[in-house]
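Asks: Coordinates only, no sequence provided:
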C-alpha cells in the first residue's frame, strides 16, 4: 500500500475549508433536548469498553501512532514541565511555528473498526494562543478497507459513502468575531454534505455548531470528549456528540455518514494544523482514551469544571 505524501495527510484534507459551508448541513441539533431529558442523556452517556489509552508518560508513545508530523524537529514532543502537565509526569506538546501550514500531529489506526467510538482527551491552549483565523484540530475518521492512509488528502472532495467520512472537533474564530481560540464546533465530511456556494464542485467540511457556543479558556486544561456513531446502511440515523469538562456541549443526529457497512470508524487524528500562523503557538494534550461508550473526565475532575491544575 502506498501512502500519500506525509505533508498532505488529514490536515490538508481540512485545509481552510469552512468558507464555503455556511449553509446548514443535514442533521438535527438535539443538544438542548438531550441535556434536558434525563433518560436521553443517560442513554447517550452509557459506558462501554475502553480499547485504547495513552497518557504520554512513555518516551516511545509515538510507536503506537503513525504519520507523525513534527517529531524530528521537536514540534511534537513530550514535556515534563510541571505547569504544562495535566496528570502524571508528562504531556504531549505541539509547538506550532509562525508561518503557513504550521502543523504538529500524529494519527492512530485501529483496523478492526467500530460502529461507535468515544474519544476523550485533555487539552490546554497556551495563555497567548492565537491562530489568526483558520485551524484544524482533533478528529475521527470512518474508512473502508485496510489502508490506514485511505481518505487522506481529500480536501474539497465529497465522500461517496463507500469510501470514508470524517469529523473534527475544533475551534472556529468566525473570521475574528470570536476570541481565540474560537468556539468549538464539528467540521464534517459525509455524502450528504453541502457544497461550496462560490466554488462549483468543491465540498469543504460542513460545520455543526451548537446553539450555545463555548470558547475554551486559554491557559487552562479542558476535558474534551467526542462521540461519533455510524448510521445503519440505508438510514439517516448517524450521530455525533461532544462534551466539555463533563457536560454535554453538542449532540447532532439524523446524519447519513456512509452507504456501506464496510466504512467503519478506524482512525484518530491528534494534533493541530494552522493555515497561516501569525505567531508561535503551543497546545498541550494528555490523558487520551478511546471507548465504545461514554468515558467522562478522570475521577476527581468535577463535571463542568476544568481540572484543578491550571
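Replies: Okay, I see it. Remember, predicted model here, so these are calculated numbers, not experimental data. Numbers count the residues shown, from 1 in each chain.

Asks: all strands in the stretch 51-200 of the chain, in order from the N-terminus.
Replies: Using DSSP state E, counting those that start in this stretch, the strands of the stretch 51-200 of the chain run over 66-69, 76-79, 91-96, 99-114, 116-125, 135-136, 138-143, 164-172, 183-189.

Asks: between the longest one and strand 138-143, what angle do the directions make?
Replies: Put simply, strand 99-114 runs at 50 degrees to strand 138-143, going by axes from the mean of the first three to the mean of the last three Cα atoms, to 10 degrees.

Asks: Doesn't residue 279 lie inside a helix?
Replies: No - in this structure, residue 279 is coil, not part of a helix, as judged by DSSP: H, G, I helix; E, B strand; the rest coil.

Asks: Can you check what pLDDT the model gives residue 184?
Replies: Here the pLDDT value assigned to residue 184 is 98.

Asks: what do you get for the one 3 residues further on?
Replies: Predicted confidence (pLDDT) for residue 187: 97.

Asks: what about it, neighbour count?
Replies: If you count neighbours by other Cβ atoms under 10 Å, residue 187 ends up with 23. From N, CA and C alone the C-beta is placed, and that goes for glycine too.

Asks: Repeat that for residue 116.
Replies: Using other Cβ under 10 Å, residue 116 is surrounded by 16 other residues.

Asks: I figured it was touching residue 230, is that so?
Replies: Yes - using Cβ atoms under 8 Å, residue 116 is in contact with residue 230, at 7.0 Å.

Asks: separation between the closest residue to residue 158 other than its chain neighbours and residue 137?
Replies: The spatial neighbour of residue 158 that comes closest, neighbours along the chain excluded (Cβ to Cβ, 6 or more residues apart in numbering), is residue 203 at 3.8 Å. Noted for residue 203: a distance of 20 Å to residue 137, by Cβ to Cβ, to the nearest Å.

Asks: More neighbours: which of the two?
Replies: More crowded of residue 203 and residue 137, by other Cβ under 10 Å: residue 137, with 25 against 22.

Asks: Show me what secondary structure element comes after the helix or strand bottoming out on mean pLDDT in the chain.
Replies: Scoring the helices and strands of the chain by mean pLDDT, DSSP states H and E places helix 10-13 at the bottom, with a mean of 41. Per DSSP states H and E, the first helix or strand lying C-terminal to helix 10-13 is strand 28-29.

Asks: any idea of the mean pLDDT for the next helix or strand after that next one?
Replies: Next along the chain after strand 28-29, taking DSSP H and E as the criterion, comes helix 31-36. Average pLDDT, helix 31-36: 97.

Asks: Tell me how far the following helix or strand past helix 31-36 lies from the chain's centre.
Replies: As assigned by DSSP H and E, the chain's next helix or strand after helix 31-36 is helix 38-44. Between the centre of helix 38-44 and the centre of its chain there are 23 Å (Cα atoms, centre = their mean, to the nearest Å).
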